[in-house]
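Enquirer: Could you look at this predicted model? Sequence included:
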Amino acid sequence: MEWGKYMDSLLQSLIIELRRGTLTLAVLSQLRTPQYGYSLVQCLERSGIVIEQSTLYPLLRRLEKQGLVTSSWDTSEARPRKYYELSAYGEEIFHELKKEWLNSSKELYLLLQGEERE
């Protein structure tokens with residue numbers, strides 16, 4: 001494999017790894033009110049966070065299995081929709097993750113600012 005292609009592939013892999021945790025936090029932040037999949041995608045996109053449905057639904061299933069999210073079906077309209085919402089446990093975890101993210105982001109920002117000054 002040529003060096004440029006290897007670096008592009010490695011960079012893409014690292015970006016995906018970096019985004020994985022941030023997507024979880026972003027999704028949890030939007031589930032304080034009930035959302036169905038497509039409305040959640042739109043909400044995140046309005047905030048500048050792009051998430052594919054092929055990424056979102058497995059993430060929602062994993063969060064539900066972990067007890068962070070609950071789901072329920074709304075069959076009152078012609079097209080049934082599955083709504084997701086933070087559980088009480090999910091709310092606690094979200095607040096702790098948010099605190100951790102804010103602290104880590106601040107520390108990383110300061111670290112990276114130092115790198116730019118060198």
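Expert: That came through fine.

Enquirer: Quick check: buried residues in the longest helix belonging to the chain?
Expert: In the chain, with assignment by DSSP state H, the single longest helix is helix 88-117. Buried positions in helix 88-117, judged by neighbour count with 16 or more other Cβ atoms under 10 Å: Gly90, Ile93, Phe94, Leu97. All C-beta atoms are positioned from the backbone trio N, CA, C, and that covers glycine.

Enquirer: For these, give me a markdown table that also has pLDDT and distance to Leu68.
Expert: Formatted as a markdown table, those follow (pLDDT from 0 to 100; distance: Cβ to Cβ, whole Å):
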| residue | pLDDT | distance to Leu68 |
| --- | --- | --- |
| Gly90 | 97 | 4 |
| Ile93 | 97 | 6 |
| Phe94 | 97 | 8 |
| Leu97 | 95 | 10 |
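
Enquirer: Please identify which pair of these lies farthest apart.
Expert: Taking Cβ to Cβ, the two most distant members of the buried residues of helix 88-117 are Gly90 and Leu97; they sit 10.0 Å apart.

Enquirer: intersection of neighbour lists for the two?
Expert: Leu28 (Cβ atoms under 8 Å, 6 or more residues apart in numbering).

Enquirer: Output the contacting helices and strands for the helix or strand containing Asp8.
Expert: Asp8 is located in helix 3-30, with elements delineated by DSSP states H and E. With contacts taken as 3 or more Cβ pairs under 8 Å, 6 or more residues apart in numbering; DSSP states H and E, helix 3-30 sits against helix 37-46, helix 53-65, helix 88-117.

Enquirer: Identify whichever of those helices lies nearest to Thr24.
Expert: Thr24 lies closest, by Cβ to Cβ, to one member of those: helix 53-65, at 6.6 Å.

Enquirer: now what about the helix or strand just after the closest one, what contacts it?
Expert: Downstream of helix 53-65, the first helix or strand assigned by DSSP H and E is strand 69-74. For strand 69-74, contacts defined as Cβ under 8 Å, 6+ apart pick out 28, 31, 34, 36, 60, 63-64, 80-87, 90.

Enquirer: Find the pair from the residues you listed with maximum spatial separation.
Expert: Leu28 and Pro80 (24.1 Å).
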